[in-house]
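Asks: After the sequence you'll find the predicted model.
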Amino acid sequence: MSFAKIYACVRNRHHVLAQAALLAGLMFAGCSRERSGPPPGQVPEVAVTTVSTESVVLTTELPGRTSAFRVAEIRPQVSGILQKRLFTEGSDVEAGQVLYQIDPAPFEAALANARAALARAEAQLPAIRAKARRFEQLLTAEAISQQNYDDVASALKQAEADVAYWQAAVETARINLGYTRITAPISGRIGKSNVTEGALVTAFQPVALATIQQLDPIYVDVPQSTQELLRLKRRLQEGRIHSQGREQNEVGLLLEDGTPYRLKGALQFRDVTVEPTTGSVILRVVFPNPHDDLLPGMFVRAVIQEGVNHQAILIPQQAVSRDPKGNPVALIVDGEDKVQQRTLTLDRAIGDQWLVSSGLTPGDRVIVEGTQKVRPGSPVKAVPLGGASPPSPPQEDSSRPAAAQTN
């Protein structure tokens, strides 16, 4: 075979291979176009929610701590040996219930001694009083000197003073004898006893014998920053929120595990002194506690009502994103069905929604779903959130070659 024939054969083979490669490329391109998104020229569909105003009760969660409604530390008012403990530790006690008994013998003897001295003083008083009356008559008749009468009058006053003194001594001894029975000043739950029978106790000792705490109702002390307090007052003055009157004094409570407390509390007062170390004031809330679910010292979160915003704008949190500077933004669909971007000012999160202070007006259509496939200025098809139509199946291009349609 000549060289010219060999060259022609090789060239024809290369031509066939090039055609086969071209056909394979067309088939791959057809499959790629078939697997891609909607055909060119189709407007993307987005789910929108229409902005409207509504009344929203604004609340603030603040950390707090429970404390007993009343606390009484039990201390002896007389010294002596403790004879009995008459209560069960950790039990509920009533006001006036006897808790401890101090040995009363020395105080009974003191009371008997005071009574005897009082009886002696009272026995001497009638004779001195009668003598004073006789001397007064004799002085009128000038039968005795003035000095004699003055001496008798002085003795009468001294005898009357002795009677009054011993009457007071009897009362003091009786009170001290009563103090040997240590009673509960308030009703509540008593804790552990710090002394046992046989212990020597002294009057007004620094260590309490036991402590009684009234748990129903119970206090919750909540610190509120002065900055937050000033912000709330300013919003009330500007009319951005409105007071609810008595309902605003109702306070909810979240327990340590996040469980809502089933009973509502009442805001009792706001302290007028700012804590210098924290820059906050104390809000004291009273909660009913019939089943002793709240114990002193528990950490809780109080849900305090600030007021009502009658023109609140709420949008889903998923509709809000951040620009490169970190500012919150949202995409809306304008009257020409084109996407526009709005910069927002957010107040707070309420559930799964944002409370918007500025940036949106009633009637705006905010894009909630489909923000990834649009950009500002592009046309879109807006459908209500939750009512989006299902995507249409990809349609085949009849202009493709038959080989490109069967992959």
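Replies: That came through fine. As the structure is a computational prediction, the values presented were derived from the model and not from experiment. Numbers count the residues shown, from 1 in each chain.
Asks: hang on, residue 303 packs against residue 253?
Replies: Yes: counting by CB atoms under 8 Å, residue 303 does reach residue 253; the two are 6.9 Å apart. In this view, the C-beta of every residue, glycine as well, is placed from N, C-alpha and C.
Asks: Neighbour count for those two, which is higher?
Replies: Each of residue 303 and residue 253 has its neighbours counted (other CB atoms under 10 Å); residue 253 has more, 23 against 18.
Asks: can you confirm that one is in a strand?
Replies: Yes: with DSSP: H, G, I helix; E, B strand; the rest coil as the criterion, residue 253 is assigned to a strand.
Asks: Quick check: closest non-adjacent residue to it.
Replies: residue 261 (3.8 Å; CB to CB, 6 or more residues apart in numbering).
Asks: same thing with residue 367?
Replies: That would be residue 331: by CB to CB, 6+ apart, it lies 4.4 Å from residue 367.
Asks: what sits against that neighbour?
Replies: 319, 339-342, 366-367, 371, 374, 376 (CB atoms under 8 Å, 6 or more residues apart in numbering).
Asks: Work out for me the element it sits within.
Replies: strand 328-333 (DSSP states H and E).
Asks: Adjacent strands (with direction) for that strand?
Replies: Counting by DSSP bridges, the strands paired with strand 328-333 are strand 321-322 (antiparallel), strand 339-343 (antiparallel), strand 365-369 (antiparallel).
Asks: what about dumping the CA coordinates of that strand to CSV?
Replies: C-alpha atoms of strand 328-333 as CSV (Å, rounded to 0.1, in the frame of the first residue of the first chain):
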residue,chain,number,x,y,z
PRO,A,328,-30.7,42.9,60.3
VAL,A,329,-32.3,43.0,56.8
ALA,A,330,-35.4,41.5,55.2
LEU,A,331,-36.4,41.1,51.5
ILE,A,332,-39.8,42.4,50.4
VAL,A,333,-41.8,42.2,47.2
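Asks: Now do the longest helix belonging to the chain: which elements does it pack against?
Replies: Secondary structure of the chain per DSSP state H: the longest helix is helix 105-140. Here helix 105-140 touches helix 146-179, going by 3 or more CB pairs under 8 Å, 6 or more residues apart in numbering; DSSP states H and E.
Asks: Next secondary structure after the helix it packs on?
Replies: Next in line after helix 146-179, if elements are assigned by DSSP H and E, sits strand 181-183.
Asks: Would you mind listing the buried residues in that following strand?
Replies: Neighbour counts over strand 181-183 (16 or more other CB atoms under 10 Å) mark 182-183 as buried.
Asks: element containing the most centrally placed residue in the chain, please.
Replies: Note on the chain: the residue nearest the mean C-alpha position is residue 302, at 1.9 Å, using CA atoms, centre = their mean. Using DSSP H and E, residue 302 maps to strand 299-316.
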